[in-house]
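J.: Would you be able to build a 3D model of this:
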Amino acid sequence: MQLTVLASDLKYKYPKVTQTRFDAKFSGPGDDAPFNRDDLYDILPMLTAVMNDLERDDAGTLHFLEDLMNQDMPRFLVSRGEVFDFLTGCGREMLSYR
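T.: Numbers count the residues shown, from 1 in each chain. So this is what the prediction gives:
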């Protein structure tokens, strides 16, 4: 199952950093590039990868992951790989209780 998260699927609106729009985005769990949590063009590929890894396609899970990223994710997680690991780990734990 391959899911693509669109901006209209998200719970919140995010700014677009157009200067880096065409730069390489999330490439996988070992990605050491910095993650910009305030850039729609970084957020969409990250949430797409997390939802595909969790094998989920429902809005409830996506919105939970957004809340997690915006409210609970520690600021010391800076690389895309760290953010991916955090979101997938917390997502799996949350889904185990449902």
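J.: so where is the chain shaky, pLDDT-wise?
T.: 1 (pLDDT under 70).
J.: For it, which segments count as strands?
T.: Counting by DSSP state E, the chain has no strands at all.
J.: So in it, which helix runs the longest?
T.: Identified as the longest helix of the chain according to DSSP state H is helix 80-96.
J.: Convert the C-alpha atoms of that helix to CSV, please.
T.: C-alpha atoms of helix 80-96 as CSV (Å, rounded to 0.1, in the frame of the first residue of the first chain):
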residue,chain,number,x,y,z
ARG,A,80,15.0,13.5,9.4
GLY,A,81,16.0,10.0,10.5
GLU,A,82,15.5,10.8,14.1
VAL,A,83,12.1,12.4,13.5
PHE,A,84,11.1,9.3,11.4
ASP,A,85,12.1,6.9,14.2
PHE,A,86,10.3,9.0,16.8
LEU,A,87,7.1,9.2,14.9
THR,A,88,7.0,5.6,13.8
GLY,A,89,7.9,4.4,17.3
CYS,A,90,5.2,6.5,19.0
GLY,A,91,2.7,5.7,16.2
ARG,A,92,3.2,1.9,16.7
GLU,A,93,2.9,2.2,20.4
MET,A,94,-0.4,4.3,20.0
LEU,A,95,-1.8,1.7,17.5
SER,A,96,-1.0,-1.2,19.9
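J.: Just the buried positions in it, please.
T.: Using 16 or more other Cβ atoms under 10 Å as the test for burial, helix 80-96 gives Arg80, Gly81, Glu82, Val83, Phe84, Phe86, Leu87, Thr88, Cys90, Gly91. (C-beta placed from N, C-alpha, C; glycine too.)
J.: What helices and strands are in contact with that helix?
T.: helix 40-54, helix 59-67 (3 or more Cβ pairs under 8 Å, 6 or more residues apart in numbering; DSSP states H and E).
J.: got the contact list for that helix?
T.: 26-35, 37, 42, 46-47, 49-50, 53-54, 56, 61, 64-65, 68-69, 72-74, 77 (Cβ atoms under 8 Å, 6 or more residues apart in numbering).
J.: got the angle for it vs helix 40-54?
T.: 50 degrees (axes from the mean of the first three to the mean of the last three Cα atoms, to 10 degrees).
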